[in-house]
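Trainee: Sequence first, then the predicted structure, then my questions.
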Amino acid sequence: AWLKTLGYKNQEVKNLHINQIIHPGQMDHCMMFWQKVISGNTVKNIETTFVKKNGEPMEVMGSSGPWVLADDSIATQGIFMDITRQKQAELKLKKSEENYRTLVENMNEGIIKVNLDEVIEYVNARFCEIVGYKESELLGSNSLEVMDTDGRSGLMIKKAVALRKKGISSRYEVRHKTKSGGWIWLSMNGSPVYDSEGKVAGSIGIVTDITKAKRDEQTLKESEEKFRLISENVPDIIFLVSREGLIQHINRILPGFKRKDVIGSSIFDYIPIEYHQLHKKKIDKVFNKAASVSFNTEGMGANRENRLYFNHIGPLKKDGKVVSAVYISRDVTEQKLAEQSIKHLNEHLEQRVAKRTSQLEKANREISTLLKEMHHRIKNNLQIISSLLNIQASKITDPSVSAAFKESQDRIQTMAFIHENLYIKKSMSEINIKEYLESLLKDRIIADSIDNRKIDLKTNLPDINFKIDTILPLGLLLNEMVTNSLKHAFPHRR
């Protein structure tokens with residue numbers, strides 16, 4: 001049977017050597033047992049590896065003893081059985097146990113196993129990390145003594161232990177004090193462990209540190225409370241509606257309404273019928289296009305009175321899908337009334353301003369006419385004075401006196417030019433210095449030179465306006481300069 005198991009035929013036995021049957025890696029191990037057998041001893045429970053004819057290894061277990069031959073020489077004989085499958089199963093089981101232990105030791109949750117007296121029999125590394133104790137400090141100690149909790153948590157643990165002894169699993173949250181003195185929150189998931197007879201022999205617990213989650217939960221709760229206080233105290237009405245317009249939530253209830261009547265009712269119950277179609281279109285746009293919209297409509301206010309509202313509707317999404325429309329409605333009735341009142345006041349004020357502007361423009365035209373007439377008369381009077389001086393100068397034979405009269409005429413003419421510019425131009429108070437001085441210079445050259453064709457006038461004057469108080473002395477000064485220049489540039493008028 002063994003020859004068949006190893007893959008050999010009967011005729012092959014004569015030439016078969018033991019080295020061909022024993023696995024090379026087991027040779028030294030087998031030689032040790034053979035030495036004992038040759039010495040006359042029987043060796044039991046030998047585990048080794050044989051090699052089949054095809055080279056496949058085979059795990060075997062058996063016993064071997066001495067066999068005295070006819071010539072008194074000692075040989076060995078043995079009985080072995082194939083345990084390859086058993087070994088493979090053991091290997092798989094060992095590997096599975098190693099994998100399981102690796103998994104348990106590297107879990108993010110803590111694992112604790114206790115007996116019926118709550119004595120700790122096993123803890124993983126994560127449990128030790130959570131509670132702050134070493135494994136050696138925990139094994140053999142009572143879990144109820146290690147789990148230092150507040151009063152409420154302690155009662156929960158004792159109640160859970162009693163349930164597990166009855167074969168009932170439990171899940172609960174406790175506040176635990178670590179070895180270092182810090183408080184943490186733990187989620188405990190305990191299940192009973194049974195013995196071979198089906199009786200409860202202890203329990204195993206999965207422990208998760210939920211301190212951060214508890215803090216986040218508290219932060220979220222505080223944030224929600226702040227949001228609730230804010231939403232209930234803002235002047236706007238904020239509510240959620242479904243695609244059909246049913247009110248799912250509202251931040252506050254106006255006087256004259258009850259929350260139980262509002263929640264679940266249709267938004268169209270509070271809107272005048274002429275605005276229903278407008279609201280339906282806006283709600284459809286929010287749900288179909290996930291877009292926000294704003295518009296003004298009428299609606300019910302406190303005590304069911306019609307008021308004017310500014311509405312803003314936006315999408316509320318969940319997993320990328322619009323699940324509700326968020327309505328934010330602000331009562332703008334008083335604001336609109338104030339705007340209308342301001343608009344009426346502005347229109348009235350604009351009318352008064354236009355009327356007053358017309359009056360001022362008329363008065364300004366009258367004053368402008370009077371000023372032009374005044375400047376025109378001053379200019380004419382100055383011309384009369386100049387003509388009188390000219391008549392008088394024609395009767396004077398003394399050249400020096402005649403020259404004095406001529407200079408006076410020039411000065412009067414200079415002033416007349418100013419008033420002439422004032423009534424000709426649009427401005428009644430300013431004169432363009434370039435236009436005025438160029439005209440004055442040309443007039444002086446024509447009046448005081450024998451042949452003005454010999455004089456080439458070149459000017460470089462700024463194109464700016466001066467007040468009459470400034471231009472008058474400048475004109476007189478320039479008149480003197482030009483007169484003297486012409487007088488002394490051409491002696492005896494040559």
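Mentor: Good, I have the coordinates. Residues are numbered from 1 along each chain as shown.
Trainee: Following element in sequence after the helix or strand hosting Q335, please.
Mentor: If you go by DSSP states H and E, Q335 is part of helix 333-394. Toward the C-terminus, helix 333-394 is succeeded by helix 399-424 as the next helix or strand (DSSP H and E).
Trainee: which other helices and strands contact that next one?
Mentor: In terms of contacts (3 or more CB pairs under 8 Å, 6 or more residues apart in numbering; DSSP states H and E), helix 399-424 is packed against helix 333-394, strand 430-432, helix 433-448, helix 468-489. In short, each C-beta sits where N, CA and C put it, glycine included.
Trainee: give me the low-pLDDT residue ranges for this structure?
Mentor: 1, 103-104, 301-304, 370-372, 375, 419-429, 446-454, 490-494 (pLDDT under 70).
Trainee: now the farthest one out in it, which residue is it?
Mentor: Distance from the C-alpha centroid of the chain, by CA atoms, centre = their mean, peaks at T397 (102.2 Å).
Trainee: quick one: it and S387, what's the gap?
Mentor: Noted for T397: a distance of 20 Å to S387, by CB to CB, to the nearest Å.
Trainee: swap in A201?
Mentor: When A201 is compared with S387 (using CB to CB), they lie 144 Å apart.
Trainee: Check N99 too.
Mentor: The value you get for N99 to S387, if CB to CB is used, is 132 Å.
Trainee: Likewise for F466?
Mentor: Taking CB to CB, one finds F466 at 28 Å from S387.
Trainee: ok, the two, which is more surrounded?
Mentor: F466 (17 against 12; other CB atoms under 10 Å).
Trainee: mind pulling up the phi and psi values for S294?
Mentor: Here is the backbone geometry of S294 (degrees, to the nearest 10): phi -140, psi 140.
Trainee: from what I can see it touches F310, true?
Mentor: Yes. S294 is within contact range of F310, at 7.2 Å (criterion: CB atoms under 8 Å).
Trainee: Looking at those two, which has the bigger crowd around it?
Mentor: Ranked by neighbour count (other CB under 10 Å), S294 and F310 place F310 first, with 16 against 11.
Trainee: my guess is that one meets V293, correct?
Mentor: No. F310 lies out of contact with V293 (CB under 8 Å); the separation is 11.7 Å.
Trainee: What residues does the residue found closest to V51 once you drop the neighbours it is linked to in the chain make contact with?
Mentor: Leaving out its chain neighbours, the residue that sits closest to V51 by CB to CB, 6 or more residues apart in numbering is H23, at 5.2 Å. Residues near H23 by CB atoms under 8 Å, 6 or more residues apart in numbering: T48, T49, F50, V51, P57.
Trainee: Same check on S242?
Mentor: Taking CB under 8 Å, 6+ apart as the test, what S242 contacts is Q248, S324, A325.
Trainee: Most neighbours among those residues, which one is it?
Mentor: If you rank those by neighbour count (other CB under 10 Å), A325 sits at the top with 25 neighbours.
Trainee: So it: helix, strand or coil?
Mentor: strand (DSSP: H, G, I helix; E, B strand; the rest coil).
Trainee: The nearest residue to it once chain neighbours are set aside: what's it in contact with?
Mentor: Using CB to CB, 6+ apart and skipping the chain neighbours, the partner closest in space to A325 is V286 (4.6 Å). When contacts are counted by CB under 8 Å, 6+ apart, V286 is found next to S292, V293, I313, G314, P315, V322, A325.
Trainee: mind listing which of those residues are in strands?
Mentor: V293, I313, G314, P315, V322, A325 (DSSP state E).
Trainee: which among those end up buried?
Mentor: Buried subset of the ones in strands among the contacts of V286 (neighbour count, 16 or more other CB atoms under 10 Å): I313, G314, P315, V322, A325.
Trainee: Walking through the stretch 1-150 of the chain, point out its strands one by one.
Mentor: 43-51, 57-68, 74-82, 110-115, 120-123, 148-149 (DSSP state E, counting those that start in this stretch).
Trainee: Tell me the buried residues in the third one?
Mentor: Of all the residues in strand 74-82, those buried under the rule 16+ other CB under 10 Å are G78, F80, D82.
Trainee: you'd agree the second one is up against V60?
Mentor: Yes. With contact defined as CB under 8 Å, F80 reaches V60; the gap is 4.3 Å.
Trainee: Return every residue with contacts to both of the two.
Mentor: Joint contacts of F80 and V60 (CB under 8 Å, 6+ apart) are F50.
Trainee: so can I have JSON lines of the strands of the stretch 1-150 of the chain showing distance to I237?
Mentor: Below are the strands of the stretch 1-150 of the chain laid out as JSON lines (distance: least, CB to CB, whole Å):
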{"stretch": "strand 43-51", "distance to I237": "85"}
{"stretch": "strand 57-68", "distance to I237": "82"}
{"stretch": "strand 74-82", "distance to I237": "85"}
{"stretch": "strand 110-115", "distance to I237": "50"}
{"stretch": "strand 120-123", "distance to I237": "57"}
{"stretch": "strand 148-149", "distance to I237": "47"}
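Trainee: Tabulate the CA atom coordinates of stretch 46-65 in CSV.
Mentor: Extracted in CSV, the C-alpha atoms of stretch 46-65 (Å, rounded to 0.1, in the frame of the first residue of the first chain):
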residue,chain,number,x,y,z
ILE,A,46,7.7,10.6,14.5
GLU,A,47,6.6,13.4,12.1
THR,A,48,8.6,13.9,9.0
THR,A,49,8.4,14.4,5.2
PHE,A,50,8.6,11.8,2.5
VAL,A,51,9.0,12.4,-1.2
LYS,A,52,6.9,10.6,-3.8
LYS,A,53,8.3,9.3,-7.0
ASN,A,54,6.9,12.3,-8.8
GLY,A,55,8.8,14.6,-6.4
GLU,A,56,5.7,15.7,-4.5
PRO,A,57,6.3,16.0,-0.7
MET,A,58,4.1,14.0,1.7
GLU,A,59,3.7,14.7,5.4
VAL,A,60,3.7,11.5,7.5
MET,A,61,3.5,10.5,11.1
GLY,A,62,4.3,7.1,12.7
SER,A,63,6.6,5.0,14.8
SER,A,64,9.8,3.0,14.0
GLY,A,65,11.5,0.1,15.9
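Trainee: And the contacts of that stretch?
Mentor: 5-8, 20-23, 25-26, 29-30, 33-34, 37, 41-45, 76-84, 86-88.
Trainee: Report the buried members of those.
Mentor: The neighbour count (16+ other CB under 10 Å) marks 6, 8, 21-23, 26, 30, 33, 37, 43, 78, 80, 82-83, 87 as buried among these.
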